[in-house]
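> Prediction below, plus the sequence it came from.
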Amino acid sequence: MSEQPAAGWYADPTSRYDHRYWDGSTWTEHVSRDGQATTDPLDGSASTPAASQGTGGGGTWQGSSGTWQDTAAVSTRTNGKAIVSLVLSVLWIGGLASVAAIVLGVMGRREIRERPDEGGAGMATAGIVIGVIGVAGALLMLFAILSFVAFGDGMSMAP
């Protein structure tokens, strides 16, 4: 009989999360995604880390050396809304594109959390942050223009 992998965090054999905790004999309900730990009951269909290497990430059990070779799950695609969010946030277009960038960035982040096979969380976050900066810049510009119109240039002298 082959030796079991050591207890530790490994790629989730169900592919629902980034990692699941292996206690040395069975998978536990302890999971994590993007560094956030939570619990998710396991339905019992997952196998040992060595047997789960072909289930969307994971790694290989090196029986000769007695080590688990963990390989990070690679996203197969980047979320489209995350890409568009980043592009629109850079375009700005008087702040209008920034608003769309924020909306698409939030939608993209939600989709990425729900779909473990998609990447682009960083792009979506960057689109949101740059979009917020763009909206703030547009509001400051609008305030400056309205101030100038309302109060004039301040250089005229009354006779």
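Yep, that arrived.

> Please count neighbours and contacts with C-alpha atoms only from this point.
Fine.

> Mind listing what's buried along stretch 110-120?
Judged by neighbour count using 16 or more other Cα atoms under 10 Å, the buried positions of stretch 110-120 are 111, 112, 113, 116, 117, 118, 119, 120.

> I'd like to check which residues are in contact with the closest residue in space to residue 41 that isn't next to it in sequence.
Spatially, and ignoring its direct neighbours in sequence, residue 41 is nearest to residue 29 (4.7 Å; Cα to Cα, 6 or more residues apart in numbering). Residue 29 sits next to 20, 21, 39, 40, 41, 42 when contact means Cα atoms under 8 Å, 6 or more residues apart in numbering.

> mind running it again at 10 Å?
Counting by Cα atoms under 10 Å, 6 or more residues apart in numbering, residue 29 makes contact with 20, 21, 22, 38, 39, 40, 41, 42, 43.

> and the third one, how many neighbours does it have?
Okay, so that is residue 22. Neighbour count of residue 22, defined by other Cα atoms under 10 Å: 22.

> Could you pull up the residues touching it?
Counting by Cα under 10 Å, 6+ apart, residue 22 touches 5-12, 28-31, 48-49.

> Could you do the fourth one as well?
When the contact criterion is Cα under 10 Å, 6+ apart, the partners of residue 38 are 17, 20, 29, 30, 31, 32.

> in this structure, which spans are helices?
Counting by DSSP state H, the chain has helices at residues 80-91, 96-114, 121-151.

> got the contact list for the shortest one?
Taking contacts as Cα under 10 Å, 6+ apart, the residues outside helix 80-91 that touch it are 95-109, 111-112, 118-135.

> tell me the angle that helix makes with helix 121-151.
Relative orientation of helix 80-91 with respect to helix 121-151: 30 degrees, computed using axes from the mean of the first three to the mean of the last three Cα atoms, to 10 degrees.
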